[in-house]
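1. I'll drop the sequence and a predicted model, then ask my questions.
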Amino acid sequence: MEKILQVKDLNISFHTFSGEVKAIRGVNFDLMKGETLAIVGESGSGKSVTTKAIMRLLPEHNSEIKSGEILFEGKDLAKLTDKQMQKIRGHDISMIFQDPMTSLNPTMKISNQIMEPLIKHQNMSKHAAKARAIDLLKLVGIPKPEIRVNQYPHQFSGGMRQRVVIAIALACNPKILIADEPTTALDVTIQAQILELMKDLQKKIDTSIIFITHDLGVVANVADRVAVMYGGKIVEIGTADEIFYNPQHPYTWGLISSMPDLETESEELYSIPGTPPDLLDPPKGDAFAPRNPYVMKIDLEQEPPFFKVSDTHYAATWLLHPNAPKVEPPEVVKRRQSQFPSIREGK
Amino acid sequence: MAKYIMKRIVYMIITLFIVASLTFFLMKLIPGSPFNNFEKLSEVQQNILLDKYGLKDPVPVQYFHYMVNMVKGDLGVSFQFDNTPVTELLVNRVGPSAQLGLQAMVVGAIIGIILGVLAALKQNTWIDYLCTFIAVVGKSIPSFIFAGLMQYYIAVKLGWLPVMLWRGPEYTILPTIALAMFPISIAARFMRTEMVEVLGSDYITLAKAKGASSFQISVKHALRNALIPVVTVLGPLAVSLMTGSLVIEQIFGVPGIGEQFVKSINVNDYPVIMGTNILFAVLFVIVTLIVDLLYGIIDPRIRISGGKS
């Protein structure tokens, strides 16, 4: 498959009053054409910062891309000027945000909000853009689009607003769609509708999606591949099956153990003890070490490299080192691994 | 819409009735009578005058008479200005005050909003600090100091504009600027705060994500949203400016309403006090209505009764 976006050794820092926060510490990943890559991790792990960096939407006054490349169609997005970046935003790469209640301009008609990127990027006339806006509303499943297009955001419900935001994002048939927790603020039934809609539209316009979420249920539903982030790094990356049925990193184990499933027997749901690392002063070894029940001495001293599990599956944990002692993963993970042993054997 | 305005007009009339009543009774609490300042009058003469104007009647009776006349459009005659009808006094005096206030308001709002937007867009740069400085100076230094300084430097030293009096458009420039300093500061401070908040909101990020340039973002997306709270503060300010500033009118020799108002309180000129107060109240409710209608234009969420489309 063709790579559409490559993120190489990305390092991002925020300059705050208490010092430099190293929010992203060497992130690498590729995005293939037409695939959905989910990025999961807890709050503060760097999911949103990574994607905002791709769009260059990080606040200018206190954030800095220290090093690394974001390659899109041969161009390094990290080094483009604002003007060049404006041509890419909304045209080649567009974005859906978390809260549909606040992401539409309350004083602007829906039509104008959808028409804006069309007029800007495709030089459409107002008339043509409006016709396209109505088509887009129809596409995202808004009834009576001819009437709705002339309304204001407050006349739409949360789910409908998120559909409008999706319509805006898809207006110019972007090559990459970044969805930053697009269903977190919606109730569960609407969530399912929005996810279905996104999957549908992805097929129709053949776009790649980067899907940020902390909801593993959503990940299982939409993702082809999954990257697990912790403390500003990717700690494990693989196909959705590999992450769910053969996870290797103790942090991924923790995440999966804290997800309720039909077979969960104990009454209390597992949660990972401790708190995320302080990125003002990142730990020397593995950032997860202080919370890791399988911690080894080397975890505290050296950062683990990526170990290859299969051609598509890599994990950064010393447990995969040939000299590491064999450990028993948690019950839930063992049960999952045994469900699909074929994934474990690498095919 | 028409229905809404009709409803508002009914409320306005009720408000005016209450204001008139309160003013009437409060005014009657002021000690003295219109005629004890006229030292030449003997007690007998004073009594004759009090009788003539019905000022010996019990207060509720006076109130009743006044209200009946007011509804008929008769605001009585002034005691101090040779029995000139109050309506005539007001009509002659309100023009300059209102013109000056309106000009100061428009100038103040436009300059203030521009300064506020600039400060917000160039946050924490010298432009921001300069705008803040102008706002602080405008708010903390009284207008009569600006008035004096401008009269001295611009009018006397440079001779660009007339020092005072009220004889044509060029005479209005200096008092307008002096009066506008306050609305400039208020508008600039509010606009900056609002603009900073709006620029940090999600829909601005979405606009950026659509590829809009920073100019498009500030003009098309941010400005209108940031204006909503600013309109709230500027409305009442407009009234207080339009109803005249005594000090500025004195300094520039403007034949406005402010001077007349204060004088009439000093000499218990009841009909003029009442008339002026009612005029202020009328202006206030009208401006409030305009502000409310403006809201609807700026913010579709509170658009009145148009929600059926």
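-> Perfect, thanks for sending it. Numbers count the residues shown, from 1 in each chain, chains lettered A, B, ... in the order given.
2. mind showing which ranges of chain A have poor pLDDT?
-> By pLDDT under 70, the low-scoring segments of chain A are A:263-267, A:343-347.
3. any idea how far the spatially most central residue of it is from chain B?
-> Centroid-nearest residue in chain A, with CA atoms, centre = their mean: residue A:212, separated by 2.4 Å. Applying CB to the nearest CB, to the nearest Å, the value for residue A:212 to chain B is 14 Å. From N, CA and C alone the C-beta is placed, and that goes for glycine too.
4. So that residue is in contact with residue A:37, correct?
-> No: counting by CB atoms under 8 Å, residue A:37 is not a contact partner of residue A:212; they are 9.7 Å apart.
5. Neighbours of residue 174, how many?
-> Here I'm looking at chain A. Using other CB atoms under 10 Å in any protein chain shown, residue A:174 has 23 other residues around it.
6. um, chain B though
-> For residue B:174, the neighbour count with other CB under 10 Å is 23.
7. Quick check: which element contains it?
-> Following DSSP states H and E, one finds residue B:174 within helix B:169-199.
8. What helices and strands are in contact with that helix?
-> For helix B:169-199, the packing partners by 3 or more CB pairs under 8 Å, 6 or more residues apart in numbering or on different chains; DSSP states H and E come out as helix B:86-121, helix B:126-140, helix B:143-150, helix B:223-242, helix B:246-251.
9. Quick check: the gap between the closest residue to chain B within chain A and residue A:212.
-> Proximity of chain A to chain B (CB to the nearest CB) peaks at residue A:90, 3.6 Å away. Using CB to CB, to the nearest Å, one gets 18 Å for the distance from residue A:90 to residue A:212.
10. Show me what from chain B comes close to chain A.
-> B:123-124, B:201-203, B:205-214, B:220-221, B:224-225, B:298-301, B:307, B:309 (CB under 8 Å from any CB of the partner chain).
11. follow-up on the earlier one: okay, now the sheet partners of the strand or helix carrying the residue nearest to the centre of chain A, with direction.
-> Following DSSP H and E, one finds residue A:212 within strand A:208-213. Here strand A:208-213 has these sheet partners by DSSP bridges: strand A:36-40 (parallel), strand A:176-180 (parallel).
12. and residue A:293, what is it in contact with?
-> residue A:250 (CB atoms under 8 Å, 6 or more residues apart in numbering or on different chains).
13. Helix, strand or coil: sort out it for me.
-> coil (DSSP: H, G, I helix; E, B strand; the rest coil).
14. likewise residue B:27?
-> Going by three-state DSSP: residue B:27 is helix.
15. now the angle from the host helix or strand of residue A:51 to strand A:208-213?
-> Assigned by DSSP H and E, residue A:51 falls within helix A:47-55. If you take axes from the mean of the first three to the mean of the last three CA atoms, to 10 degrees, helix A:47-55 sits at 150 degrees to strand A:208-213.
16. Show residues contacting helix A:47-55.
-> With CB under 8 Å, 6+ apart as the test, helix A:47-55 has contacts from A:5, A:7, A:10, A:12, A:23-24, A:27, A:39-41, A:58, A:65, A:70, A:72, A:77-78, A:89, A:93, A:95, A:176, A:178, A:180, A:210, A:212, A:214, A:229, B:209.
17. so of the residues you listed, which ones are in strands?
-> For the contacts of helix A:47-55, membership in strands holds for A:5, A:7, A:10, A:12, A:23-24, A:27, A:39-40, A:65, A:70, A:72, A:93, A:95, A:176, A:178, A:180, A:210, A:212, A:229, with DSSP state E as the criterion.
18. residues in the stretch 101-250 of chain A within reach of chain B, list them.
-> Checking the stretch 101-250 of chain A against chain B by CB under 8 Å from any CB, the hits are A:102-109, A:116-117, A:120-121, A:147, A:150-152, A:154-155, A:165, A:168-169.
19. And the lowest-mean-pLDDT helix or strand in chain B, what's buried?
-> In chain B, no helix or strand scores lower on mean pLDDT, DSSP states H and E than helix B:43-52, which sits at a mean of 74. Buried residues in helix B:43-52, counted by 16 or more other CB atoms under 10 Å in any protein chain shown: B:46, B:49.
20. thinking again about what came up before, tell me which residues of the helix holding residue B:174 come out buried.
-> Across helix B:169-199, burial judged by 16+ other CB under 10 Å covers B:171-196, B:198-199.
21. and if you look at stretch A:56-66?
-> For stretch A:56-66, using 16+ other CB under 10 Å, the buried residues are A:56-58, A:63, A:65.
22. what bits of chain B have low per-residue confidence?
-> Ranges of chain B meeting pLDDT under 70: B:33, B:35-40, B:163, B:243-244, B:303-309.
23. I'd say residue B:105 and residue B:238 touch.
-> Yes: because the distance of 4.6 Å satisfies CB under 8 Å, residue B:105 is recorded as touching residue B:238.
24. can you list residues touching both of those two?
-> Common neighbours of residue B:105 and residue B:238 (CB under 8 Å, 6+ apart) do not exist.
25. Of all the residues in stretch B:280-297, which ones are buried?
-> Those would be B:280-281, B:283-285, B:287-289, B:291-292, B:294-296, for stretch B:280-297 by 16+ other CB under 10 Å.
26. Look at the closest residue in space to residue A:77 that isn't next to it in sequence and say how many residues are nearby.
-> Spatially, and ignoring its direct neighbours in sequence, residue A:77 is nearest to residue A:70 (4.2 Å; CB to CB, 6 or more residues apart in numbering or on different chains). Neighbours of residue A:70 under the rule other CB under 10 Å: 22.
27. separation between residue B:125 and chain A?
-> Distance of residue B:125 to chain A, computed by CB to the nearest CB: 10 Å.
28. now residue B:272
-> In terms of CB to the nearest CB, residue B:272 sits 45 Å off from chain A.
29. Is the residue lying farthest from the centre of chain A inside a helix or a strand, and which specific one?
-> Of all residues in chain A, residue A:127 sits farthest from the chain's C-alpha centroid, using CA atoms, centre = their mean; the distance is 35.3 Å. Taking DSSP H and E as the criterion, residue A:127 maps to helix A:126-139.
30. Show the contacting residues for residue 300.
-> As the question left the chain open, I've gone with chain A. Residue A:300 neighbours (CB under 8 Å, 6+ apart): A:283-286, A:289.
31. actually it's chain B I care about, not the one you picked
-> A:106-107, A:109, A:152, A:154.
32. again, but for residue A:149
-> A:109-111, A:114, A:130, A:133-134, A:137.
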